[in-house]
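Colleague: The sequence and its predicted three-dimensional model are supplied below.
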Amino acid sequence: MYNWTDIGIILKIEKRGEKGNLLNVLTNNHGRHMGWFNNFNKKQYLIQPGDLVSVSWSSRISNQLGFFKIELIETTVGKIFNDKIRLDVISSFCSLTSFILPERENCPFFFQKSKTFLKEIPINPSNNEVLKLYIFWELDLLNEVGTPLNFSECTVSGDKKNLKYVSPKSGNAVGSSFAGKYENRLLKLPFFLGGVNVINNNENDDICSGLSLTLFFIKKFLDTFDFNNLTKLLFARIRLQNNFK
C-alpha cells in the first residue's frame with residue numbers, strides 16, 4: 001500500500017457519478033497529482049478550485065490513480081465571490097497549472113510561490129496589483145517548465161537601463177536603442193516588469209501588455225506539444241485578458 005499526506009491547492013474537480021470526483025491537486029511535496037475523491041460528506045462540496053487543503057493519497061500500486069481524502073484549510077473563492085476579475089484570475093491560475101505542469105514531478109518552490117500568490121488575491125486592495133502579481137506568477141510558471149524569460153538586461157548590449165522591448169525568440173529584454181528594423185516584431189516590455197516607460201502612460205495598458213507578453217510565451221511553449229484545441233485549453237486565460245480589457 002502506498003500513501004502520503006501533504007498540503008495542496010485544488011486545481012480541478014470533475015464530478016463522476018453521484019458522489020465520485022476526479023481531483024487535480026498541486027501539492028507541496030508530490031507535485032501536481034490526480035486521484036479519486038469519494039464525497040460522502042455534504043460539507044465537502046464546499047471545496048472549490050483555488051482552495052488550500054490538507055490532502056491524503058493512497059493506492060495499492062504507486063502508479064495507479066489512487067484515492068484522496070481532503071480537508072479544507074482555507075478557501076480563496078469564498079472570500080472574493082463578487083469580484084469577477086479575481087475570480088477570473090483564480091480560474092486561469094487553476095486551468096494553466098492543471099495542464100501545463102507535468103504530473104507527479106516535485107516542485108516545492110513553485111508550490112510555495114503559488115500558495116503565496118493565492119493568499120494575496122483576497123487581501124490585496126487593488127485589482128491592478130493582483131493582476132501584476134498574477135503576471136509575475138505566470139513568469140514563475142514558465143520558468144518552472146523550462147521557459148525562463150530575462151528582463152534584467154538588454155540581450156544585445158548587456159545594458160540594464162532603457163529596456164523597452166522583449167525578443168519573441170529568446171524571451172530576453174531589448175534596449176530602446178537596439179530595436180532597429182526589428183522594432184515592429186518585438187514585444188513591449190511593461191514598466192512594472194522593468195520597462196523604461198509605462199506603456200501609453202496608462203497603467204491598464206501596461207498590465208494588458210504584460211498579459212499579452214506572458215500569453216505569447218505560454219502559447220509558444222504549448223506549440224511544442226500536440227494539443228488538438230489550444231484555444232479551448234486557454235479559454236480561462238483568454239477570458240481573463242478580454243474581461244480586463
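Modeller: Noted; the coordinates are in hand. Numbers count the residues shown, from 1 in each chain.
Colleague: what comes up buried for the least confident helix or strand in the chain by mean pLDDT?
Modeller: Taking mean pLDDT, DSSP states H and E as the measure, the chain has helix 230-233 as its least confident helix or strand, at a mean of 86. In terms of neighbour count (16 or more other Cβ atoms under 10 Å), helix 230-233 has its buried residues at L233. Where C-beta positions appear, they are placed from N, C-alpha and C, glycine not excepted.
Colleague: Output the contacting helices and strands for that helix.
Modeller: The contact analysis (3 or more Cβ pairs under 8 Å, 6 or more residues apart in numbering; DSSP states H and E) places helix 230-233 against helix 203-222.
Colleague: I70 pairs with what?
Modeller: For I70, the beta-bridge partners under DSSP bridges are V55.
Colleague: What separation do you get for it and V55?
Modeller: To V55, I70 is 6 Å away according to Cβ to Cβ, to the nearest Å.
Colleague: Who has more neighbours out of the two?
Modeller: Higher neighbour count among I70 and V55: V55, with 26 against 23, using other Cβ atoms under 10 Å.
Colleague: check contacts around the residue nearest the centre of the chain.
Modeller: For the chain, the residue nearest the mean C-alpha position is F93 (3.9 Å; Cα atoms, centre = their mean). F93 makes contacts with G50, S114, F117, L118, Y134, W137, as judged by Cβ atoms under 8 Å, 6 or more residues apart in numbering.
Colleague: isn't the fourth one right up against T76?
Modeller: Meaning L118. Yes - using Cβ atoms under 8 Å, L118 is in contact with T76, at 5.4 Å.
Colleague: Now list whatever residues contact both of the two.
Modeller: Common contacts of L118 and T76 (Cβ under 8 Å, 6+ apart): G50, L52, I90.
Colleague: Throw those into CSV and include secondary structure, thanks.
Modeller: Converted to CSV, the shared contacts of L118 and T76 look like this (DSSP: H, G, I helix; E, B strand; the rest coil):
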residue, secondary structure
G50, coil
L52, strand
I90, helix
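Colleague: Now neighbour count, distance to Q64 and pLDDT too, for these, in a markdown table please.
Modeller: Formatted as a markdown table, the shared contacts of L118 and T76 follow (neighbours: other Cβ atoms under 10 Å; distance: Cβ to Cβ, whole Å; pLDDT from 0 to 100):
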| residue | neighbour count | distance to Q64 | pLDDT |
| --- | --- | --- | --- |
| G50 | 24 | 27 | 96 |
| L52 | 17 | 26 | 97 |
| I90 | 23 | 30 | 97 |
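Colleague: Give the buried residues for stretch 114-125.
Modeller: Those would be S114, K115, F117, L118, I121, P122, for stretch 114-125 by 16+ other Cβ under 10 Å.
Colleague: Which ones among these map onto helices?
Modeller: Of the buried residues of stretch 114-125, the ones assigned to helices by DSSP state H are S114, K115, F117, L118, I121, P122.
Colleague: The residue nearest to G194 when sequence neighbours are not counted in helix, strand or coil?
Modeller: Distances taken as Cβ to Cβ, 6 or more residues apart in numbering place F151 nearest to G194, at 4.4 Å, with adjacent residues excluded. Recorded secondary structure, F151: strand (three-state DSSP).
Colleague: Since that was my last question, I'll sign off now.
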